[in-house]
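Engineer: Here is a sequence together with a model predicted from it:
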Amino acid sequence: MALGLNPDTNRPLVPPAGEEAFARALLRTIPDRGEEISTLAMARSAGARFRGLVERKPTLDLGDPLAAGWTYLVADDDPQRAEIAQVLRPLAIQRGMTQPDRPLTFGGQPADEWLDWMTDHFWSPGTEPAHYVLIAGGPDLVPFHFQAVLGSAASVGRLAFDSLADLQAYVEKILRLERETRPTVRREALMFATDRGRPDPTYYSRRFMAEPIVSHLEGSGFTVNALKGDHATAAALLTALTQQRPAVVYAASHGAGRPRASAAEQQHLNGAVICSGDELLTAADIPDGPVAEGSVVLQFGCFSAGTPARSDYAHWLGSDRLNTTDDFVAALPKRLLAHPRGPIAFIGHVDLTWLHAFDDPDAPDLDQAWHPRLAPFVSAVDSLLAPLPVGLAMRAMNKRYDVGNAQLAITFDRQKRGTLPDNPKAYGKLVRAFITRSDAQNYLIMGDPAVYPRMWEP
């Protein structure tokens, strides 16, 4: 089951599917996509090995961007490349970038050349690569999946706005907050979790994602303000965002999608938070006054970070009816990050999110409150509240992506050899590997990966 709704019809974006049907659709398309997956797996594997070597250096402190290194990346053909460099220069100096006018550049290489790009541009011999990389530009210039692959070797974030003025506002906000003597946020978390009742997937995300995370944080000594079920309204969420000072905001709900709307309508609406009572919280609802200032927002929901032109699940859906003509970043994170008194970073999802990501479809009503599938989400929250730079919050999710890539590459090889089993157990393994791998791939950071919430005790 996917966590996405069409607000026009109040119906799921895609119907639930059985594992066998999903697996057979996968197996039909593996010959077409297997090479692509294997190529990405090779690039991720090489990146992970390189990152491991760098992180094992005894003097490297990943929690300190000045020690670990920071740079930004722009597209070679970005028409605003010079202007972007000028806007980012103060932040680059703040981060200790020795040559602020010499960022990494991406030339639009296809996926099968991304490993070559990392070898030639990122970890070439004799260089000390930066651990933190900020991509400046939209997915039309630097693809979403390239961001995910680069995340194997570095901690990566992205800033993609509609104007240079919005980029300027974000940079000025970060510099102001980091130079203030008094931290902005409290040692608190805000949990927002809708529940449309069983069998809707939000019932499970409330019970088996939100509530275990709340219990975990309270057991660790953090204050958690929870808006769940009928209390998870748009008005309540806006009130909490404007009146409370949580270090981390975690939202688990359906994400909005309008499959047959125009590109402009999709760019405005996709990824909006669907609250209790079927209300929407969109970018247009964000007020001009302070809203989650200094916080990190993590939104678990379809399209919360952006929408790809082609879904990773198009093979099963039978078409690209969910998506649009071009990849785009969602309006809500753009609005929040450009807000001068808003959050410092946003972690969201590109494409559909799935029940498989955090729960066991074979036994969804778990007796225990904890399940290993939830580990990357708990790890992310723990990292943010440590507090560590937001780029490090994705380490566990990155490992899940690497393992999933390896599993799918092995499946592709076994199918070519004719040794792949044809039974329900094998179907289940394949579907779980594909969904958890694709889900992990599509969690991306929007914002500077070197920022972290600066907290004071409540």
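Structural biologist: Thanks, I have it.

Engineer: Can you show me the strands along the stretch 301-450 of the chain?
Structural biologist: Taking DSSP state E, counting those that start in this stretch, the strands of the stretch 301-450 of the chain run over residues 306-307, 328-329, 345-349, 443-446.

Engineer: Flag the shaky bits of this structure, pLDDT-wise.
Structural biologist: 30-35, 50, 53-54, 56-59, 124-126, 315-322, 361-371, 457-458 (pLDDT under 70).

Engineer: Give me the domain ranges for the protein.
Structural biologist: 4-32+188-407+427-443, 35-179 (automatic domain parsing).

Engineer: coming back round to it: turn the strands of the stretch 301-450 of the chain into TSV, including mean neighbour count.
Structural biologist: The way it works is simple: take the backbone N, C-alpha and C, and place the C-beta from them, glycine included. Listed next are those as TSV, based on neighbours: other CB atoms under 10 Å:
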stretch	mean neighbour count
strand 306-307	27
strand 328-329	26
strand 345-349	27
strand 443-446	27
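
Engineer: Please identify which of those strands is closest to residue 223.
Structural biologist: Among the strands of the stretch 301-450 of the chain, strand 345-349 comes nearest to residue 223, with 20.7 Å by CB to CB.

Engineer: Which elements pack onto that closest one?
Structural biologist: Counting contacts by 3 or more CB pairs under 8 Å, 6 or more residues apart in numbering; DSSP states H and E, strand 345-349 packs against strand 296-300, helix 331-338, strand 443-446.

Engineer: In JSON lines, list the ones you listed along with distance to residue 214.
Structural biologist: Shown next, in JSON lines, are these (distance: least, CB to CB, whole Å):
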{"stretch": "strand 296-300", "distance to residue 214": "14"}
{"stretch": "helix 331-338", "distance to residue 214": "23"}
{"stretch": "strand 443-446", "distance to residue 214": "20"}
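
Engineer: And those: which comes nearest residue 234?
Structural biologist: The stretch from the helices and strands packed on strand 345-349 with the least distance to residue 234 (CB to CB) is helix 331-338; that distance is 12.4 Å.

Engineer: Alpha carbons only: can I get the closest one in CSV?
Structural biologist: C-alpha atoms of helix 331-338 as CSV (Å, rounded to 0.1, in the frame of the first residue of the first chain):
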residue,chain,number,x,y,z
ALA,A,331,6.5,23.5,-3.4
LEU,A,332,6.3,23.0,0.3
PRO,A,333,10.0,22.5,1.1
LYS,A,334,10.9,25.3,-1.3
ARG,A,335,8.5,27.6,0.6
LEU,A,336,9.7,26.5,4.0
LEU,A,337,13.4,26.8,3.2
ALA,A,338,13.1,30.2,1.4
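
Engineer: Give me whichever of the domains of the chain is most buried.
Structural biologist: Highest mean neighbour count among the domains of the chain (mean count of other CB atoms under 10 Å): domain 4-32+188-407+427-443, with a mean of 20.

Engineer: can you give me the helices for the stretch 51-200 of the chain?
Structural biologist: Per DSSP state H, counting those that start in this stretch, the stretch 51-200 of the chain carries helices over the ranges 65-68, 81-94, 114-117, 144-150, 164-179.

Engineer: Distance to residue 138 for those - can I get that in JSON lines?
Structural biologist: Formatted as JSON lines, these follow (distance: least, CB to CB, whole Å):
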{"stretch": "helix 65-68", "distance to residue 138": "24"}
{"stretch": "helix 81-94", "distance to residue 138": "12"}
{"stretch": "helix 114-117", "distance to residue 138": "18"}
{"stretch": "helix 144-150", "distance to residue 138": "10"}
{"stretch": "helix 164-179", "distance to residue 138": "12"}
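
Engineer: gap between residue 141 and residue 330?
Structural biologist: Distance, residue 141 to residue 330, using CB to CB, to the nearest Å: 17 Å.

Engineer: ok, now residue 440?
Structural biologist: To residue 330, residue 440 is 19 Å away according to CB to CB.

Engineer: What of residue 357?
Structural biologist: Per CB to CB, residue 357 is found 18 Å from residue 330.

Engineer: Specify the beta-bridge partners of residue 190.
Structural biologist: Beta-bridge pairing of residue 190 under DSSP bridges involves residue 225, residue 249.

Engineer: For it, give me its contacts.
Structural biologist: 224, 225, 226, 227, 240, 241, 244, 246, 248, 249, 250 (CB atoms under 8 Å, 6 or more residues apart in numbering).
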